[in-house]
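Enquirer: Turn this into a model:
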Amino acid sequence: MITGIHHVQLAVPPGREDELRAFYRDRLGLTEIPKPAGLAGRGGVWFRGEGAELHLGVEEGFRPARKAHPALLVRDLAEVLARFPECEIDRLLPGYVRSYIHDPVGNRLELIQPVSR
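Expert: So this is what the prediction gives:
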């Protein structure tokens, strides 16, 4: 039986790791974690936040998905979106506020916060 999600992997183009670090670590506040020695030579970068890991894996011929995306839970969506002034909060999903952002290579991310009742 499935009990949770360990990580989500997103594809990225080769050679963009520093730009992705600046986005995921510096703008979103995730912590970079070392890749296992046997995987480190493949490129990419891994991050961890409270309760979630995000693995960015290099894919030759990369094209970002237009619709597919992870939904990342946040404590304070307004605080996070202060770093992304071009984004707006919507309330289309009952019980949540959310917004969509894109990383530097075009991956779509949903940032979502439960609404207190």
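
Enquirer: Retrieve the pLDDT associated with Val22.
Expert: Check again: residue 22 is Ala, not Val. pLDDT recorded at Ala22 is 97.

Enquirer: Not counting its neighbours along the chain, what's nearest it?
Expert: Pro104 (7.8 Å; Cβ to Cβ, 6 or more residues apart in numbering). Every C-beta, even on glycine, is put in place using the N, C-alpha and C of the backbone.

Enquirer: how near is the one you found to Ala52?
Expert: Distance, Pro104 to Ala52, using Cβ to Cβ, to the nearest Å: 20 Å.

Enquirer: Over to Leu109?
Expert: Taking Cβ to Cβ, one finds Leu109 at 12 Å from Ala52.

Enquirer: what residues do the two have in common as contacts?
Expert: Leu72 (Cβ atoms under 8 Å, 6 or more residues apart in numbering).

Enquirer: Who has more neighbours out of the two?
Expert: Higher neighbour count among Leu109 and Ala52: Leu109, with 20 against 16, using other Cβ atoms under 10 Å.

Enquirer: Next up, the contacts around the residue nearest to Ala22.
Expert: 16, 19-20, 22-23 are the contacts of Pro104 under Cβ under 8 Å, 6+ apart.

Enquirer: what do you get for Gly51?
Expert: Shown in contact with Gly51 (Cβ under 8 Å, 6+ apart): Leu73.

Enquirer: Need the contact partners of the host helix or strand of Val97.
Expert: Per DSSP states H and E, Val97 falls inside strand 96-102. Contacting residues not belonging to strand 96-102 are listed as 64, 69, 71, 77, 81, 84, 87-92, 108-115 [Cβ under 8 Å, 6+ apart].
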